[in-house]
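*Asks:* Got a sequence here, can you model it:
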Amino acid sequence: MDNWVYLAMPLLMTAAIFRFLFRPCVVLAGIDSHGSHRYHRSRRAVTPALVELESRLAPAIDMAMVTIGNPANTPDPATGHGAVAQEYRIGKYEVTLGQYCAFLNAVADVSDDYRLYNAAMERVASSAGILRAGEAGNYSYTVAGPLGSVVPPGADSPADRPIANVNWFNAARFANWISNGQPDEGTPEQLTENGAYKLQGATMSLYAFDPKFLGGVSVSGGTTRVGDEWTTVILCGAGSGSEPAVSVFDAVTGASRGAFYAFSPAYKGGVRIALSQPLADGTSYAVVSSTINSHLVVFDLADYATPMHSFYAFPSEIVSAGFTVASADLDLDGTLEIVAGVARQGNSSQVAIMDLSGRLLKQGNVNFPGGVAIAVNDADRNGRLDIVAASGPGIPGQLSTYDYADWSLIDSLFISDSLNGVAAATNFARA
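*Replies:* Residues are numbered from 1 along each chain as shown. Coordinates of the predicted model:
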């Protein structure tokens, strides 16, 4: 059965009701929007101010609204939910195919960066849907009946049926568009990104683990080949307090692609996750490290059951808070190396480079007393990936880059006055 979701906004704003086929959760991925760019071109030779005025005076759709009062009410004692801070208005009926189609034609006719439309909306073999025609730069959307024929609006029209296959972010953007006066010209902030909800380009959300788990999560992602399929995935490693779980998700749809324990289920110390650079055949490996010792395991995403390699990266006496890792082909020999960084006693951190089996290839020191976060990037644009070291807690944020061949310093810069440590992210692209 479909879940009903009500989008509520403060009074004087608007809201809508959608029927969801998958649930909303925590924000995990997004698209960066540039407010200085036009969101899409105008289809009429009028100024943006006139478009906004015209939209507000004669909106494309009419939403019947009801007011929900009784602010500061007590929550439902059975669920703890239901309390509201202020009056708000909500859509009286479900959002229809025709209303959502008008929304698409207003804001997604040139580009659809936020994936407001998806192919599931046009499945009309047994029900009505929305069809998209044209190509990027010139999209148009129409409501279609069960046989795919275009049906004009009217009594008993398919356009009056409720829209489905809309995720939370799409619904929030629709609600922002309504509250902004249904404009069809402007920046993302003027159209869909601000209003009742501040979205800032987010397009997908998911729970990596049980929503009640509060131990944190480490995240990595990239492309890989699983069997004959090339795909983009997000890997999530559970923090301390949980079994050493790693969840794998499709990076485009958010659908689960499986989960596994990196270590014994009895281990509750938390894990950190890194996805390797793809090899020539497209295969990437999941490299998982402990947060309380130097145990490291390597998994092929095509076979979660058995780790390919399992070893301790550092002597136990120098590891008390785990370590960070990255994995890539640093010497262009067609095989992967693992880069691991760990805090040492004294004023420095140690970086070790190993093959996938744990054999030490090289090591170096970084003058970061509070630990080091590791990533890789072609910083000097010579076609070879370099090692990026970010400072841990206790000193102002610093980022240093080293050449893999001779451990020479390529660049070093201060990036923050914060003493909380710096997170480093990998970029496998080569110049």
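*Asks:* where along this structure do the helices fall?
*Replies:* Here the chain has its helices, by DSSP state H, at 48-57, 97-107, 168-179, 188.
*Asks:* Output the second one as PDB, nothing but the C-alphas.
*Replies:* Backbone C-alpha positions of helix 97-107 (Å, rounded to 0.1, in the frame of the first residue of the first chain) are rendered in PDB as follows:
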ATOM      1  CA  LEU A  97      -0.700  14.300 -12.700                       C
ATOM      2  CA  GLY A  98      -1.900  17.500 -14.300                       C
ATOM      3  CA  GLN A  99      -0.500  19.700 -11.500                       C
ATOM      4  CA  TYR A 100       2.900  18.000 -11.400                       C
ATOM      5  CA  CYS A 101       3.000  18.100 -15.200                       C
ATOM      6  CA  ALA A 102       2.500  21.900 -15.100                       C
ATOM      7  CA  PHE A 103       5.400  22.000 -12.500                       C
ATOM      8  CA  LEU A 104       7.700  20.000 -14.900                       C
ATOM      9  CA  ASN A 105       6.900  22.300 -17.800                       C
ATOM     10  CA  ALA A 106       7.700  25.300 -15.700                       C
ATOM     11  CA  VAL A 107      11.000  24.300 -14.200                       C
END
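*Asks:* Begin at 401 from now on, thanks
*Replies:* All right, first residue 401 from here; so that's helix 497-507.
*Asks:* State the mean pLDDT of that helix.
*Replies:* In this model, helix 497-507 has a mean pLDDT of 94.
*Asks:* If you count contacts, what does that helix end up packed against?
*Replies:* Helix 497-507 sits against strand 529-535, strand 538-544, helix 568-579, with contacts defined as 3 or more CB pairs under 8 Å, 6 or more residues apart in numbering; DSSP states H and E. (C-beta placed from N, C-alpha, C; glycine too.)
*Asks:* Tell me which of these is the most buried.
*Replies:* Greatest average neighbour count among the helices and strands packed on helix 497-507 goes to helix 568-579 (a mean of 24), per mean count of other CB atoms under 10 Å.
*Asks:* Out of the helices and strands packed on helix 497-507, which is closest to Leu756?
*Replies:* Among the helices and strands packed on helix 497-507, the nearest to Leu756 by CB to CB is helix 568-579 (37.7 Å).
*Asks:* Please state the offset of the closest one from the chain centre?
*Replies:* Put simply, helix 568-579 sits 18 Å off its chain's centre (CA atoms, centre = their mean, to the nearest Å).
*Asks:* try stretch 809-819
*Replies:* For stretch 809-819, the distance to the chain centre is 26 Å (CA atoms, centre = their mean).
*Asks:* Skipping adjacent residues, who's closest to Ala728 in space?
*Replies:* Of all residues not flanking Ala728 in the chain, Gln677 sits nearest, at 3.9 Å (CB to CB, 6 or more residues apart in numbering).
*Asks:* Could I get the pLDDT score of that neighbour?
*Replies:* Per-residue confidence (pLDDT) for Gln677: 94.
*Asks:* which residues does it contact?
*Replies:* For Gln677, the contact set (CB atoms under 8 Å, 6 or more residues apart in numbering) comprises 622, 684, 727-729, 736, 776, 785, 828.
*Asks:* repeat that with 7 Å
*Replies:* 684, 727-729, 736, 828 (CB atoms under 7 Å, 6 or more residues apart in numbering).
*Asks:* Ok, Ala773 next?
*Replies:* With CB under 7 Å, 6+ apart, Ala773 has these contacts: 724, 741, 790, 792, 822-824.
*Asks:* and the nearest residue to Ser748 once chain neighbours are set aside, how many neighbours?
*Replies:* Leaving aside its chain neighbours, Ser748 sits nearest to Asn765 (4.6 Å; criterion: CB to CB, 6+ apart). Asn765 has 14 neighbours, counted by other CB atoms under 10 Å.
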